[in-house]
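1. make a model of this:
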Amino acid sequence: MAYKSRDLSVIAYANGFTLWHYTTTDAAASVDTAGYFNEAADMLRVGDMILANTDTDGTLSSGILHVSSNTGSVVDVDDLTAIGSADTD
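-> Have a look, this model is predicted:
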């Protein structure tokens, strides 16, 4: 699959920082690959964070992506930091 702009939305913006939400059927390993968010290069800034729901049609994985670089055309995010990865009850 590929990035879909309609699935990226702003949650909050303050002091030059944006908190985003992104949902996709793509696996986290695809989403956190350099270049996945290239179409959003004009919006995403280094330091922005993306709350992500990935693999929504399979084994859901949720977490935080940190925008680590943006050359103006190539966006890279750090690997997904998982949230809610364990439920012992």
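2. partner strands of the one helix or strand Leu65 maps to, parallel or antiparallel?
-> According to DSSP states H and E, Leu65 maps onto strand 61-70. Counting by DSSP bridges, the strands paired with strand 61-70 are strand 49-54 (antiparallel), strand 75-77 (antiparallel), strand 81-82 (antiparallel).
3. Asp42 in helix, strand or coil?
-> Under DSSP: H, G, I helix; E, B strand; the rest coil, Asp42 falls in the coil class.
4. phi and psi next, for the nearest residue to Val75 once chain neighbours are set aside.
-> Distances taken as C-beta to C-beta, 6 or more residues apart in numbering put Phe37 closest to Val75, at 4.1 Å, once the chain neighbours are dropped. Where C-beta positions appear, they are placed from N, C-alpha and C, glycine not excepted. Here is the backbone geometry of Phe37 (degrees, to the nearest 10): phi -100, psi 20.
5. check what pLDDT Phe37 gets.
-> pLDDT, Phe37: 98.
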